[in-house]
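# My questions concern the predicted model and sequence given below.
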There are 2 protein chains.
Amino acid sequence: MVGAPPHRRNKREAASEARRQAILDAALDAFVSQGFAAARLDDIVAAAGVAKGTIYLFFRDKQDLFEQVVRGAIGPVFAEMAALAEKTDAPFDVMLAALFEKFQRDILATPKREIPRLILAEGRRFPELAAFYHREVITPGLDLLRRLARRAHQRGELASDALVRQPLLAFAPMLVSLLWTSTFDPIEKLDVPGLLATHREILSAPQARKPTS
Amino acid sequence: MVGAPPHRRNKREAASEARRQAILDAALDAFVSQGFAAARLDDIVAAAGVAKGTIYLFFRDKQDLFEQVVRGAIGPVFAEMAALAEKTDAPFDVMLAALFEKFQRDILATPKREIPRLILAEGRRFPELAAFYHREVITPGLDLLRRLARRAHQRGELASDALVRQPLLAFAPMLVSLLWTSTFDPIEKLDVPGLLATHREILSAPQARKPTS
DNA sequence: TATTTGACTGACTTCCCAGTCATTTGTCAA
DNA sequence: TTGACAAATGACTGGGAAGTCAGTCAAATA
């Protein structure tokens, strides 16, 4: 009986975990809408329905809370997208469409869409967080895209190896959609499906017969 | 003699203008490295070599200072890029190369590179600023790109009208370069020239004979 | 049921920083 | 040279928010 059962050892622990999660949820909201410095713990605490001191039972300080909020929100979604892409064997164009689709449904349409903006905004003051994001999301993401591009190129689905050299170019429009949506949507809505469809259209074209010919 | 001579009416005004500019410079640094909320006026004042109260001779409050910093840093560079592109009559590929070049020299290699990140970071809390940026930079920029794309398409330099429909796709990699450089450069340097060159390569390919054929 | 335990509370302390204003300084006009 | 005036100063204030800790009480235990 050394290892405890994974769920609900007793009432205390269950309630405790619920509190912790409530704090994380409220904190995500607050950090996303106010930024790290301007978010107030008193607001988070009120939204989570706990007392001020409770935060310090779970998190060392405000910064620790921030880091755990961001880390928790990133990992899962990304792993799903990677799994999806790795598993199937569809043509490049189809796979890209599926990824774009999942991206729109699971990220762009949820509060998680704000996370990349938050990391860009606060990355300067949280170098470890930027490093974490780079290590856990960006690098594996680009590696995945590179593998997909290489396979497509070898199969002849992509005429050039441009995306193998710069897989970031396949992702750029998604990032732009994310940031536009987070910032300019109240002013001018972006036609994300149109943007991504046109992007696929460009990528799937028979590129790069030598620039000079 | 109603209109004063444009420069240095007397010692007082010249010194005053110099102080104002010193504050703006110091404030840009501070806001860029700390964000709006965390930047301290005491630091800005110290870096600018003026006293606390001096800020309030020129700016209503911290927010007003922030907005003037950002507005002042954006306008000029962008107008230059637009003028450059509008003036010449070069092929699309060449013009794109020239724009990318100027972008790297005049923005990416200067502190101004931080401005877009700052706007994305703080846009939520400064809706007027986001609107200003959208109106003064983004909209005219996209219009310009659209005109260039349309001309190139009509001339037959671009096989498809993809960029006429979504001019944002021509710009996306520049934005990504900007953000990467601002955030992840200490961790992993981005090969910006390579990225942009590959992007031109993709855009200039003979695209979009109907997806199914 | 009685006792113990420790998770949770929230009023309080402490620090920080935007913004003020009475005082000082330097310039200009007479 | 001097008086008048604006510009600049920086010690100070008020408010706000992060973090603390002695007390409380529901759940676990005997």
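That came through, no problem.

# Show the contacting residues for the nearest residue to residue A:114 once chain neighbours are set aside.
Nearest residue to residue A:114 in three dimensions, chain neighbours excluded: residue A:32, at 4.1 Å (Cβ to Cβ, 6 or more residues apart in numbering or on different chains). All C-beta spots, glycine's among them, are computed from the backbone N, C-alpha and C. Going by Cβ atoms under 8 Å, 6 or more residues apart in numbering or on different chains, residue A:32 touches A:111, A:114-115, A:118.

# Report the buried residues of the worst-scoring helix or strand of chain A on mean pLDDT.
Within chain A, no helix or strand scores below helix A:62-87, which has a mean of 85 by mean pLDDT, DSSP states H and E. Using 16 or more other Cβ atoms under 10 Å in any protein chain shown as the test for burial, helix A:62-87 gives A:62, A:65-70, A:73-74, A:77-78, A:81-82, A:85.

# Could you do stretch A:129-144 as well?
Quick answer for stretch A:129-144 (16+ other Cβ under 10 Å): A:129-130, A:132-134, A:137-138, A:141, A:144.

# which of these are close to DNA strand D?
With the criterion set as Cβ under 7 Å from any atom of the strand, no member of the buried residues of stretch A:129-144 is near DNA strand D.

# Can you verify my assumption that residue A:176 contacts residue B:173?
No - at 9.3 Å, residue A:176 does not count as touching residue B:173 under the criterion of Cβ atoms under 8 Å.

# Low-confidence regions, chain A specifically.
Applying pLDDT under 70 to chain A picks out residues A:1-9, A:206-213.

# Apply 80 and report the result again.
By pLDDT under 80, the weakly predicted segments of chain A are A:1-12, A:75-79, A:205-213.

# all helices of it, in order?
With helices called from DSSP state H, chain A shows them at A:11-34, A:41-48, A:52-58, A:62-87, A:92-103, A:115-122, A:127-133, A:139-155, A:162-165, A:168-183, A:192-203.

# what sits up against the shortest one?
By that I understand helix A:162-165. A:145-146, A:149-150, A:152-153, A:169-170, A:203, A:207-208, B:194, B:198, B:201-202.

# cool, the last one as well?
Taking Cβ under 8 Å, 6+ apart as the criterion, the residues outside helix A:192-203 that touch it are A:93, A:96-97, A:100, A:104, A:108, A:158, A:163, A:169-170, A:173-174, A:176-177, A:181, B:160, B:162, B:165-166, B:168-169, B:202-203, B:207-208, B:211.

# Residue numbers of chain A in contact with DNA strand D?
A:10-12, A:39-42, A:52-53, A:56, A:61-63.

# Show the buried residues in those.
Counted by 16+ other Cβ under 10 Å, the residues of chain A next to DNA strand D give A:39, A:41, A:62 as buried.

# Of those residues, which is the nearest to chain B?
Closest approach to chain B among these (Cβ to the nearest Cβ): residue A:39, at 9.1 Å.

# re the thing from before, only the buried members of the contacts of helix A:192-203: can you turn that into a ChimeraX selection?
ChimeraX command restricting those to the buried ones, with burial defined by 16+ other Cβ under 10 Å:
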select /A:93,96,100,104,108,158,163,169,170,173,174,176,177,181 /B:160,162,165,166,168,169,202,203,207,208
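
# Next one: residue A:168 from residue B:199, what distance?
Computed as Cβ to Cβ, to the nearest Å, the residue A:168 to residue B:199 distance reads 10 Å.

# Find residues that contact each of these two.
Residues touching both residue A:168 and residue B:199 (Cβ under 8 Å, 6+ apart): residue B:173.

# Domains in chain A, by residue range?
Domains of chain A are assigned by automatic domain parsing as A:6-60, A:74-204.

# Residue A:84 is in contact with residue A:103, correct?
No - counting by Cβ under 8 Å, residue A:103 stays clear of residue A:84, with 10.5 Å between them.

# Could I get the contacting residues of the residue most central in space within chain A?
Nearest to the geometric centre of chain A sits residue A:74, at 5.0 Å (Cα atoms, centre = their mean). Going by Cβ under 8 Å, 6+ apart, residue A:74 touches A:115, A:133, A:136-137.

# Just put those in a markdown table and tack on distance to DNA strand C.
As requested, these are arranged in a markdown table below (distance: Cβ to the nearest atom of the strand, whole Å):
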| residue | distance to DNA strand C |
| --- | --- |
| A:115 | 26 |
| A:133 | 26 |
| A:136 | 28 |
| A:137 | 31 |
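
# Now tabulate these in CSV and tack on distance to residue B:18.
Shown next, in CSV, are the contacts of residue A:74 (distance: Cβ to Cβ, whole Å):
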residue, distance to residue B:18
A:115, 42
A:133, 41
A:136, 47
A:137, 46
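
# State the pair within these that is farthest apart.
A:115 and A:136 (12.3 Å; Cβ to Cβ).

# ok, residue A:130 - contacts?
A:119, A:123-124, B:183-184, B:187.

# With residue A:70 instead?
Contacts for residue A:70 (Cβ under 8 Å, 6+ apart) come out as A:31, A:115, A:118-119, A:129, A:133.

# Which members of these define the maximum pairwise distance?
Among the contacts of residue A:70, A:31 and A:133 lie farthest apart (Cβ to Cβ), at 14.5 Å.

# how close does residue A:79 get to DNA strand C?
Note on residue A:79: its distance to DNA strand C, by Cβ to the nearest atom of the strand, to the nearest Å, is 29 Å.

# Count the residues that sit near the closest residue to residue A:157 other than its chain neighbours.
Nearest non-adjacent residue to residue A:157, counting by Cβ to Cβ, 6+ apart: residue A:92, 4.6 Å away. Burial measure for residue A:92: 20 neighbouring residues, criterion other Cβ atoms under 10 Å in any protein chain shown.
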